[in-house]
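Asks: Dropping the sequence and predicted coords here.
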Amino acid sequence: MDKYNKWYQTASEKQVRPVNEIVDELKEELAKRRGVEPVSLISLNPIELAQAFIEEFIPYPFPVKSVIPYNYCIFIRLYPQYEPYLRYIC
């Protein structure tokens with residue numbers, strides 16, 4: 001993080017894009033991929049928008065030899081009632 005901070009403090013405006021510009025570009029691409037109008041994404045709150053970006057742009061590879069192709073450890077966070085059963089594999 002220190003390396004990034006040092007770079008950011010000395011970077012020119014040409015080297016750094018505003019976050020809003022990047023988010024708008026991602027929204028346009030997301031809308032294009034999903035076949036919807038970009039204005040339909042306005043109703044999403046920041047968390048929902050981030051989740052949509054992750055689902056669309058960061059594919060989670062499923063393990064080939066797994067019985068259940070999911071991340072068991074995150075499953076515990078989503079459904080804490082299963083923690084007693086899954087704590088041995090996480």
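Replies: Done, it's in. Numbers count the residues shown, from 1 in each chain.
Asks: Helices of the chain, start to end?
Replies: Using DSSP state H, the helices of the chain run over 2-10, 19-34, 46-57, 72-78, 83-86.
Asks: what's the neighbour count on Phe75?
Replies: As a burial measure, the neighbour count of Phe75 was computed by other CB atoms under 10 Å and equals 15. In this view, the C-beta of every residue, glycine as well, is placed from N, C-alpha and C.
Asks: how far away is it from Ala52?
Replies: 21 Å (CB to CB, to the nearest Å).
Asks: Where do the domain boundaries of this structure fall?
Replies: Domain segmentation of the chain under automatic domain parsing yields 17-59, 62-90.
Asks: Which of those has the lowest mean pLDDT?
Replies: Ranked by mean pLDDT, those end with domain 62-90 in last place, scoring a mean of 76.
Asks: now the helices of the chain in TSV, with distance to Ser40?
Replies: As requested, the helices of the chain are arranged in TSV below (distance: least, CB to CB, whole Å):
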stretch	distance to Ser40
helix 2-10	33
helix 19-34	7
helix 46-57	11
helix 72-78	27
helix 83-86	37
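Asks: Which one of those lies nearest to Lys65?
Replies: Taking CB to CB as the criterion, helix 72-78 is the member of the helices of the chain that comes nearest to Lys65, at 14.3 Å.
Asks: Give me the distance from the closest one to the chain's centre.
Replies: 17 Å (CA atoms, centre = their mean, to the nearest Å).
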